[in-house]
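In: here you go, sequence then predicted model.
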Amino acid sequence: MAEILVVDDQAHVRKALELLFSVRGFDVRTAAGPEEALAAVRGGSVGLVFQDMNFSEATTTGEEGAALFRALRAADPGLPIVLMTAWTSLEMAVALVKEGAADYIAKPWDDEALLRTARNLLAARASEADGGEVDLCGLVYESARMKSVVDLAVKVARSDVSVLVTGPNGAGKEKIAEIVQANSPRREGPWVKVNVGALPDELLEAELFGAEAGAFTGAKRLRLGRFEAADGGTLFLDEIGNLSPAGQAKLLRVLQTGELQRLGSSQTRRVDARVIAATNVDMREAIGAGRFREDLYYRLAVIELAVPPLAERPEDVLPLARSFLQRFAAEQGQDAAPPLDEGAVEALLAHPWPGNVRELSNAMRRALLVCERGCIGASELGLKPPISSRPPRPSAPGLDAESAAEKARIEDALEEAGFVVAQAASTLGLSRQALYRRMRRLGIELRRGLGGG
């Protein structure tokens, strides 16, 4: 078994961790400083490092730890390194995770969390030694912009830090979250998805944390929440930017403590689930406006992966279009998809794709269905001018500017979808129920010829 190396200048810390790991069956050695640590790693038997960020009482910046981390990475580029940090050097530790550190753990540590991290990282190291490959979950891209996002996603996958995926609706945020999960030590564990932005406050607690029988009217049996369902795996929280203030407070408590209480129970239960969240909301603007808690944001966004809109990566349009055509053709039992003619290629590259990859997918599905000749032309694509280029709607009386803008977006999406709510909801990145709730709140009637009232 590969050894765990503990690097800390304080003897009592080294002794405590040596005892913790050895009692649980790990081979462990210790080092008091950078020179001793580098010698151990160069010896070739170390498979995992837990290192302090400061090695003298005179410094608390974390610079010493950063220098050691980079030296260890140079000596063994694939070596997983966990940074053990006090809050004074937390910012440095987060920056090093982006450089490739496997994880960071705050002092004082939780023994079970430390052991879990060790088991996961050693298992991932063994898998890599056996020739494990990167799983891109079917993602198609050629642009440098997407390559940088995917590279960072794969890099942070083997850690247990929380990840926030940001970007516009339809850009592929969930696919990036899947890549993080699929390349993590938790890939064999549960992968649980929940759209928290679509959950009303009265259902949020039971949905996320569970409910005992009789906890509320209609609760006839025990209901496990999504956190417990994801125990040992990964929980994907979509639309996190739309979570209500009450929901934010409840979620923050669980992320801070790793513990929850089911609705109707006073018993505290520990949960072990990595959280990946996604949003199309500008979180810094939401924090500034008081709509999102800053402390929750920093809990969720240890690493932030920003997925660019399709319009900013035109190199991906044609590879994606052809991939969609092949997939949809196979679903319809066709041996091959019809090719795109020159007019279709020009139209695809000229279109601004306000609906991003989701809009492109819909266009390819439509093109394949209506195509009656040997190739697909521009007319089969059915591309419409972007909503932003259409004349503005009349102002909505009784609504503030933000609500009026939201109402206009929903009305435009409904019109674009031919008033099919499910399709409009997909375009907006909402569930059907969430869209209906917003329509009721904004006074939108489901009828043709929507006006400003």
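Out: Looks like it arrived, so ask away. Residues are numbered from 1 along each chain as shown.
In: what does the domain assignment say about this structure?
Out: According to the domain assignment given by automatic domain parsing, the chain is divided into the following structural domains: 3-129, 144-306, 311-383, 390-442.
In: now the last one: average pLDDT?
Out: Per-region confidence: domain 390-442 scores 76 on mean pLDDT.
In: quick check: which of the domains of the chain is nearest to L136?
Out: L136 sits nearest to domain 144-306 of all these, at 6.1 Å, using Cβ to Cβ. C-betas here are computed from N, CA, C, even on glycine.
In: average model confidence for that closest one?
Out: Taken as a whole, domain 144-306 has a mean pLDDT of 90.
In: also stretch 331-350?
Out: Taken as a whole, stretch 331-350 carries a mean pLDDT of 91.
In: for the closest residue to C371 other than its chain neighbours, which residues are in contact?
Out: The spatial neighbour of C371 that comes closest, neighbours along the chain excluded (Cβ to Cβ, 6 or more residues apart in numbering), is E380 at 5.1 Å. When contacts are counted by Cβ atoms under 8 Å, 6 or more residues apart in numbering, E380 touches A344, R366, A367, V370, C371.
In: mind putting these in a markdown table, secondary structure, neighbour count and distance to V23 included?
Out: Shown next, in a markdown table, are these (DSSP: H, G, I helix; E, B strand; the rest coil; neighbours: other Cβ atoms under 10 Å; distance: Cβ to Cβ, whole Å):
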| residue | secondary structure | neighbour count | distance to V23 |
| --- | --- | --- | --- |
| A344 | helix | 24 | 65 |
| R366 | helix | 15 | 62 |
| A367 | helix | 26 | 63 |
| V370 | helix | 12 | 67 |
| C371 | coil | 18 | 66 |
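In: tell me the one of the residues you listed nearest A422?
Out: Lowest distance from A422 to the contacts of E380 (Cβ to Cβ) belongs to R366, with 15.6 Å.
In: against F55, how distant is the nearest residue to E91 once chain neighbours are set aside?
Out: Distances taken as Cβ to Cβ, 6+ apart put G62 closest to E91, at 7.9 Å, once the chain neighbours are dropped. Spatial separation of G62 from F55 under the definition Cβ to Cβ, to the nearest Å is 11 Å.
In: more neighbours, the two?
Out: Neighbour tally, G62 and F55, criterion other Cβ atoms under 10 Å: the higher count belongs to G62, 23 against 20.
In: might one say that the more buried one is in contact with N54?
Out: Yes. Between G62 and N54 there is a contact at 6.4 Å, judged by Cβ atoms under 8 Å.
In: quick one, what contacts the residue located most distally from the centre of the chain?
Out: In the chain, the residue that sits farthest from the middle, by Cα atoms, centre = their mean, is R373; the gap is 41.2 Å. For R373, the residues meeting the contact criterion (Cβ under 8 Å, 6+ apart) are P338.
In: that one and S323: what is the separation?
Out: Applying Cβ to Cβ, one obtains 22 Å for the distance of R373 from S323.
In: other residues contacting the biggest helix by length in the chain?
Out: As far as residue count goes, and with DSSP state H defining each element, the longest helix of the chain is helix 111-129. By Cβ under 8 Å, 6+ apart, the surrounding residues in contact with helix 111-129 are 1-2, 4, 17, 20-21, 24, 26, 47-48, 50, 78, 80, 82, 102-103, 105, 158, 160, 184-186, 258, 270, 272.
In: stretch 221-228 now?
Out: Contacts with stretch 221-228, where a contact means Cβ under 8 Å, 6+ apart, come from 192, 194, 206-213, 235, 254, 260, 262, 269, 271, 273.
In: now list the buried members of these.
Out: With neighbours counted by 16 or more other Cβ atoms under 10 Å, the contacts of stretch 221-228 contain buried members at 192, 194, 206-212, 235, 254, 260, 262, 269, 271, 273.
In: strands - which of those residues land there?
Out: Counted as lying in strands by DSSP state E, out of those, are V192, V194, L235, L260, R269.
In: can you give me the helices in the stretch 351-453 of the chain?
Out: Ranges of helices in the stretch 351-453 of the chain, per DSSP state H, counting those that start in this stretch, are 356-370, 378-381, 401-416, 421-428, 432-442.
In: quick one: closest of the ones you listed to D295.
Out: Checking the helices of the stretch 351-453 of the chain against D295 by Cβ to Cβ gives helix 401-416 as the closest, at 23.7 Å.
In: flag every buried residue along the closest one.
Out: Of the residues in helix 401-416, those with enough neighbours to count as buried (16+ other Cβ under 10 Å) are A404, E406, K407, A408, I410, E411, D412, A413, L414, E415, E416.
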